[in-house]
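**Student:** Any chance you could fold what I've pasted below:
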Amino acid sequence: MIKALVVDDSAYNRVTIARMLQSAPDIDVIGTAVNGEDAIKQVLKHQPDVITLDLEMPVMDGFAFLRWLMQNRPTAVIAVSSRSSDKSVFKALELGALDFIAKPGGRVSARLEEIQSDLLAKVQLVAEVRMENLRRRINGQNDGARAESKVPELAASAIELVAVGCSTGGPPALQRVFQALPLLPVPIIVAQHMPPTFTRLFADRVNRLTKYDVKEVSDGETLNGGSVYVAPGGMQTDVERDGERLRARVSAATPQDLYAPSVDRLFESASHSCGGRLVAVIMTGMGDDGSKAMRTVRERGGKTIAESADTAIIFGMPGEAIKTGAVDHILPLDEIPAAIERLCRG
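**Tutor:** Below is the predicted model:
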């Protein structure tokens, strides 16, 4: 049974979120809290497995509570907030929130029940969360360390594209990789499972915090070296060859698509366009998106990297990729930038 704590200053939101959670037979709402201070008391009393957390609250907001929580009793947190700005959601993820859900219709809305399926899915993945990895990442995220890689160098200019896929836990991990990775002469394209709008906000944030030119990719855009292109949420992104250049093709997702953007689809198209001149990297996330395409990348001569269980917050995606036998290098997060650099620079 998953013990859940609901933290929100709105009585309507507390009751509604608690009711949605209680509808699942494997979730027990052990308490609610009206602000961060109340939440601390409830955490110490009930020791929940997961917390749904509003970010805007009086007395002590969600950010201050997250700082206390990760220092004193690291616990899986799903931010449920009406704020969709960069400074709220992505700040919460940096402070240790596992994932987020945007409240539809504002802070208090009758549309809140629209998030039920997404909320239950994210709360139920708690069993897969490696909290010790999350705690280490939070405590060491500003150490500036850049681990060396034992990955062998390739011939110069052998790589023309790096493709990266991740899901839960991905935004802070990606930010860390791009802050440590020197500017490369090849483009990087990212499929991060994230709703529409948030992929653009995420790209804007990483653009400000790293040396890379980071943007949400547009349909038909040429992929240039020294740039990072984030696949738009809710859409599908492919890579196609146009003579000597690579272009992104962005199209509408279909109701049958389990993930949008899909890591498998991005990797498959990139492998078709680049063959052996591709590096595919799969990092933290639930599910198995990307594992099928890793086989294709390897079969066509591309190089493959997966984040190890030592650092992945959710080992689902990298773990499934590793099971295929198609992963060349299994590395902790802080060794991935150096490995990418060695493969790309030669």
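**Student:** Every contact and neighbour count from this point should use C-alpha atoms.
**Tutor:** Noted.
**Student:** Low-confidence bits of the stretch 1-150 of the chain, can you list those?
**Tutor:** 83-87, 105-110, 140-150 (pLDDT under 70).
**Student:** Which residue ranges of it form helices?
**Tutor:** Here the stretch 1-150 of the chain has its helices, by DSSP state H, counting those that start in this stretch, at 11-22, 36-46, 62-72, 86-95, 116-124, 131-140.
**Student:** who wins for proximity to Gly226 among the ones you listed?
**Tutor:** Evaluated over the helices of the stretch 1-150 of the chain, closeness to Gly226 peaks at helix 86-95, with 23.1 Å, by Cα to Cα.
**Student:** Compute the number of surrounding residues for Ala306.
**Tutor:** Using other Cα atoms under 10 Å, the number of residues around Ala306 comes to 30.
**Student:** before we move on, what about Ile101?
**Tutor:** Neighbour number of Ile101 under other Cα under 10 Å is 22.
**Student:** how about the nearest residue to it, chain neighbours excluded?
**Tutor:** Val80 (4.9 Å; Cα to Cα, 6 or more residues apart in numbering).
**Student:** who's in contact with that neighbour?
**Tutor:** Thr52, Leu53, Asp54, Leu55, Phe100, Ile101, Ala102, Lys103 (Cα atoms under 8 Å, 6 or more residues apart in numbering).
**Student:** Recalculate using a threshold of 10 Å.
**Tutor:** Counting by Cα atoms under 10 Å, 6 or more residues apart in numbering, Val80 touches 6-8, 13, 17, 51-56, 89, 99-103, 107, 115, 119.
**Student:** likewise Arg300?
**Tutor:** Ser271, His272, Cys274, Gly275, Gly276, Arg277, Leu278, Met294.
**Student:** redo that, cut-off 7 Å
**Tutor:** Gly275, Gly276 (Cα atoms under 7 Å, 6 or more residues apart in numbering).
**Student:** what about Val186, is that helix, strand or coil?
**Tutor:** Classification of Val186 using DSSP: H, G, I helix; E, B strand; the rest coil returns coil.
**Student:** Would you agree it is in contact with Gly225?
**Tutor:** Yes. With contact defined as Cα atoms under 7 Å, Val186 reaches Gly225; the gap is 3.9 Å.
**Student:** need the strands for the stretch 151-300 of the chain, in chain order.
**Tutor:** With DSSP state E, counting those that start in this stretch as the criterion, the stretch 151-300 of the chain has strands at 161-166, 188-192, 213-216, 227-230, 235-242, 245-252, 278-282.
**Student:** ok, how many other residues are close to Gly325?
**Tutor:** Other residues within reach of Gly325, judged by other Cα under 10 Å, total 12.
**Student:** just Phe202 next, same as before
**Tutor:** Phe202, neighbours per other Cα under 10 Å, totals 23.
**Student:** Including mean neighbour count and distance to Leu181, could the strands of the stretch 151-300 of the chain go into a markdown table?
**Tutor:** As requested, those are arranged in a markdown table below (neighbours: other Cα atoms under 10 Å; distance: least, Cα to Cα, whole Å):
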| stretch | mean neighbour count | distance to Leu181 |
| --- | --- | --- |
| strand 161-166 | 26 | 12 |
| strand 188-192 | 27 | 11 |
| strand 213-216 | 21 | 13 |
| strand 227-230 | 23 | 11 |
| strand 235-242 | 21 | 22 |
| strand 245-252 | 18 | 22 |
| strand 278-282 | 28 | 14 |
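**Student:** Serialize these to JSON lines and add fields for distance to Tyr259 and mean pLDDT.
**Tutor:** Listed next are these as JSON lines, based on distance: least, Cα to Cα, whole Å; pLDDT from 0 to 100:
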{"stretch": "strand 161-166", "distance to Tyr259": "11", "mean pLDDT": "98"}
{"stretch": "strand 188-192", "distance to Tyr259": "10", "mean pLDDT": "98"}
{"stretch": "strand 213-216", "distance to Tyr259": "17", "mean pLDDT": "98"}
{"stretch": "strand 227-230", "distance to Tyr259": "15", "mean pLDDT": "98"}
{"stretch": "strand 235-242", "distance to Tyr259": "9", "mean pLDDT": "97"}
{"stretch": "strand 245-252", "distance to Tyr259": "12", "mean pLDDT": "97"}
{"stretch": "strand 278-282", "distance to Tyr259": "15", "mean pLDDT": "98"}
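**Student:** need those in JSON lines with distance to Leu343, can you?
**Tutor:** Output for the strands of the stretch 151-300 of the chain, formatted as JSON lines (distance: least, Cα to Cα, whole Å):
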{"stretch": "strand 161-166", "distance to Leu343": "10"}
{"stretch": "strand 188-192", "distance to Leu343": "13"}
{"stretch": "strand 213-216", "distance to Leu343": "21"}
{"stretch": "strand 227-230", "distance to Leu343": "17"}
{"stretch": "strand 235-242", "distance to Leu343": "20"}
{"stretch": "strand 245-252", "distance to Leu343": "19"}
{"stretch": "strand 278-282", "distance to Leu343": "8"}
